[in-house]
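In: Structure here, sequence nowhere to be found:
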């Protein structure tokens, strides 16, 4: 999954650069969320183990919710984030800062 996320971040950076100026003036950002239980995520092997690792090792010592991720997306879509583009916002309770998976 790491290489796919990396590719998406690079695409977002390129799009932010190419579409940021006139006539487009489009902001492009990524949101990188921690593991969330959804219908789509049920197909991910070892999702339960991933969530347990996040609970044990993230700064917040818990998993994030879909609502928390949605709140960040809403912020990025609004005028309050008008100066933010080309960024990856991590909504993972500080898990990524701690070095990711332990195994």
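Out: All right, it came through fine. Quick caveat: nothing in here was measured; it's all calculated off a predicted structure.
In: mind checking the SS state of the spatially most central residue of the chain?
Out: With distances taken as C-alpha atoms, centre = their mean, residue 32 lies nearest the centre of the chain, 1.1 Å away. At residue 32 the chain is in strand, as set by DSSP: H, G, I helix; E, B strand; the rest coil.
In: And for residue 86?
Out: Classified using three-state DSSP, residue 86 is coil.
In: ok, back up a step: quick check: nearest residue in space to the residue nearest to the centre of the chain, chain neighbours excluded?
Out: In this structure, residue 32 finds its nearest non-sequential neighbour in residue 90, 4.9 Å apart by C-beta to C-beta, 6 or more residues apart in numbering. C-beta here means a position set from N, CA and C on the backbone, and glycine is covered the same way.
In: what residue ranges in this structure score low on pLDDT?
Out: 1, 100, 102-103 (pLDDT under 70).
In: Enumerate the strands of it by residue range, in sequence order.
Out: Assignment of strands within the chain using DSSP state E yields the ranges 30-33, 88-91.
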